[in-house]
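*Asks:* okay, sequence plus prediction incoming.
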Amino acid sequence: MSLGRLLLSLTVALTLLLPLYPAARSPAYPSFLFPNTSFNHLARARDTGTLYVGAVNALFQLSPELALVEHVATGPANDSPECLPFRDPHDCPQARSTDNTNKLLLPNDHAGELVVCGQLFQGVCEKRALANVSKVLYRPEDPGDNQFVAANEPRVSTVGLVGQHAGRDLLFVGRGLTAKLSGGIPPFTIRQLEGPQAFSNEGMGKLVVGDFSDYNNTYAGAFASGDYVYFLFSRRGAKAQMEYRAYLSRSCVEDTNLYSYVELPLECRDAKGRVYNLARAVHLASGFPGEGATLFVVLAAGQGSTASPTAQTALCAYSLSEVNAAMEKTRRLCYTSAGKGPSGKEEAAIEYGVTSHCNLLPKESPEAYPCGDEHTPSPIASRVPVAAEALLTTIPRLTAVAAMGEAGHTIAFLGDGTGRLHKVRKGRSRSG
């Protein structure tokens, strides 16, 4: 998705949250309202400009001018997070009428499909037609646990993106920790999108974690760039390292085994040294003279050693080329130097309780295996963060970001938890 489309998406998403103003107010923007409905996600078809809104118990298809084209009810339904998907109500006597929060809404443009995932029935997904969302193209009839995709709790995040490799459509998913039956699903998985077992992760890469609750990954965003997919999240180190940090992971699109998985801590501090450690949103923007692609990240200061954010938020920026260079350094140290830096201090390690270690492979191994292999160590985590000073800390409860370079200036659009849109340019803020 291009930067322009992302900016449009953010603007429309926030327009959906803003109240209507009197007709005398100018300029007048198109808007779409649906009473007593909570909107969760917005997506845009690349070729047609058609918009899709995933909501609690509903899915909407809108024209580019925000006119309603289709409306589909997706809930509520009788369900319980303690039950496997069932047909006979006697198989789940504890089932109750349950709202269906939209968890993923991803257009697969070349296939003409819209991937829609909700919290119901252990987070199963379906494919609908981009041209008409009332038409279901695929829905698992008897889903197994390898087809449980999204978090089955409304407040636990799920993020994802659609990619292609070797003619196959793939779904990359990051999801937080849930209780009950879905608690053992890995935090990061690759899933097939084609065939009779669509959404299955059988035989595909997954982030193997010794004890997910030790790390408690909470995902905030995902994007693709070049030959890689990236996921932004927060987690703690382990039981002995209770402080949460923001991380960015990277893996090769072509690597369906996750041999190439590497993650890097992102550090964001303000001028007074305050740390913003919980990832909230991310946007990759280009068009900055002499800088290349830049990663804009919204982070919040955490409440002590917890995953709960305070109202204090910040915007930090990271050069994607510097991030990739740091990841390559981390990979090289883990492949060829047992994770040790020049001073002998550990700078890279195998994470998540996996019974593997950084190695002493031949020096040419990173170039020979740019996306890893069976014999290369993984999953790799850097011990050295990429640091940045906050660009902005004056707007509380930030939840969304899009940015662009224009005429030598950086312009960022920021959304907050009260439904307001802020335009920030060269340190000056204007709210709307």
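*Replies:* Structure received.
*Asks:* quickly find the element holding residue 326.
*Replies:* Using DSSP states H and E, residue 326 sits in helix 320-336.
*Asks:* give me the helices and strands touching the very next helix or strand once past that helix, please.
*Replies:* Heading C-terminal from helix 320-336, the first helix or strand you meet, by DSSP H and E, is strand 348-350. Contact analysis of strand 348-350 by 3 or more C-beta pairs under 8 Å, 6 or more residues apart in numbering; DSSP states H and E lists helix 320-336, strand 380-382 as its packing neighbours. Quick note: C-beta positions are derived from backbone N, CA and C, even for glycine.
*Asks:* buried sites along the helix holding residue 326?
*Replies:* Along helix 320-336, these residues count as buried under the neighbour rule (16 or more other C-beta atoms under 10 Å): 320, 323-324, 326-327, 329-336.
*Asks:* for stretch 212-227, same thing?
*Replies:* Under 16+ other C-beta under 10 Å, the buried positions of stretch 212-227 are 212, 214, 215, 216, 217, 218, 219, 220, 221, 222, 223.
*Asks:* what's the farthest-apart pair in those residues?
*Replies:* Spatially, the most separated pair among those is 214 and 223, at 26.9 Å (C-beta to C-beta).
*Asks:* what about residue 97, how many neighbours?
*Replies:* Counted with other C-beta atoms under 10 Å, residues neighbouring residue 97 total 9.
*Asks:* let me fix that, I meant to ask about residue 286.
*Replies:* By other C-beta under 10 Å, 15 other residues sit near residue 286.
*Asks:* wait, it sits on residue 319?
*Replies:* No. Residue 286 sits out of contact with residue 319 when judged by C-beta atoms under 8 Å, with a separation of 11.4 Å.
*Asks:* any common contacting residues for those two?
*Replies:* Residues touching both residue 286 and residue 319 by C-beta atoms under 8 Å, 6 or more residues apart in numbering: 292, 293, 294.
*Asks:* who's in contact with the second one?
*Replies:* What it means is residue 293. With contacts taken as C-beta under 8 Å, 6+ apart, residue 293 has the following neighbours: 225, 284, 285, 286, 319, 320, 321.
*Asks:* repeat that for the last one.
*Replies:* Contact analysis of residue 294 by C-beta under 8 Å, 6+ apart lists 284, 285, 286, 288, 317, 318, 319, 320, 403.
*Asks:* quick one on the thing from earlier: tell me which of the buried residues of stretch 212-227 is nearest to residue 103?
*Replies:* residue 219 (10.9 Å).
*Asks:* next up, identify which helix or strand that closest one is on.
*Replies:* With DSSP H and E as the test, residue 219 turns up in strand 218-225.
*Asks:* mind listing the strands for the stretch 51-200 of the chain?
*Replies:* Assignment of strands within the stretch 51-200 of the chain using DSSP state E, counting those that start in this stretch yields the ranges 51-55, 58-62, 68-73, 77-79, 96-98, 102-108, 113-118, 125-129, 136-138, 158-165, 168-175, 188-192.
*Asks:* now the phi/psi pair for the closest residue to residue 169 other than its chain neighbours, please.
*Replies:* Once its chain neighbours are removed from consideration, residue 169 has its nearest residue in residue 193; the separation is 3.9 Å (C-beta to C-beta, 6 or more residues apart in numbering). Dihedral pair for residue 193: phi -110, psi 0, per degrees, to the nearest 10.
*Asks:* give me the distance between residue 193 and residue 54.
*Replies:* Distance of residue 193 to residue 54, computed by C-beta to C-beta, to the nearest Å: 18 Å.
*Asks:* repeat for residue 267
*Replies:* 33 Å.
*Asks:* the two: which is more packed in?
*Replies:* Per other C-beta under 10 Å, whichever of residue 267 and residue 54 has more neighbours is residue 54, with 24 against 18.
*Asks:* beta-bridge partners for that one, please?
*Replies:* According to DSSP bridges, residue 41, residue 59 are recorded as the beta-bridge partners of residue 54.
*Asks:* that one against residue 38, yeah?
*Replies:* No. At 10.3 Å, residue 54 does not count as touching residue 38 under the criterion of C-beta under 8 Å.
*Asks:* tell me which stretches of the stretch 201-350 of the chain form helices.
*Replies:* The residue ranges that make up the helices of the stretch 201-350 of the chain, judged by DSSP state H, counting those that start in this stretch, are 212-215, 320-336.
*Asks:* isn't residue 251 right up against residue 228?
*Replies:* Yes. Proximity of residue 251 to residue 228 meets the contact threshold set by C-beta under 8 Å, at 6.7 Å.
*Asks:* neighbour count winner among those two?
*Replies:* residue 251 (28 against 21).
*Asks:* list the contacts of the more buried one.
*Replies:* For residue 251, the residues meeting the contact criterion (C-beta under 8 Å, 6+ apart) are 205, 228, 229, 258, 260, 261, 262.
*Asks:* what about the stretch 101-250 of the chain, any weak spots by pLDDT?
*Replies:* Along the stretch 101-250 of the chain, the parts satisfying pLDDT under 70 run over 181-183, 238-240.
*Asks:* that older thread, which of the contacts of residue 294 scores worst on pLDDT?
*Replies:* Within those, the minimum per-residue pLDDT falls on residue 288 (64).
*Asks:* quick one: neighbours of the nearest residue to residue 97 once chain neighbours are set aside, just the number.
*Replies:* Excluding its sequence neighbours, the residue lying closest to residue 97 (C-beta to C-beta, 6+ apart) is residue 76, at 4.8 Å. Using other C-beta under 10 Å, residue 76 is surrounded by 14 other residues.
*Asks:* among the contacts of residue 293, which one lies nearest to residue 413?
*Replies:* Nearest to residue 413, judged by C-beta to C-beta, of the contacts of residue 293 is residue 285 at 10.5 Å.
*Asks:* just checking, the residue nearest to residue 97 touches residue 101?
*Replies:* No. Residue 76 is beyond contact range of residue 101, at 10.5 Å (criterion: C-beta under 8 Å).
*Asks:* quick revisit: what sits against the residue nearest to residue 169?
*Replies:* Residue 193 makes contact with 108, 111, 113, 115, 127, 162, 168, 169, 170, 171, 199 under the criterion C-beta under 8 Å, 6+ apart.
*Asks:* got it, and residue 159?
*Replies:* Listed by C-beta under 8 Å, 6+ apart, the contact set of residue 159 reads 104, 173, 174, 175, 219, 220, 221, 222, 231.
*Asks:* go with 6 Å
*Replies:* Taking C-beta atoms under 6 Å, 6 or more residues apart in numbering as the criterion, residue 159 is in contact with 174, 219, 221, 222.
*Asks:* alright, I will stop here.
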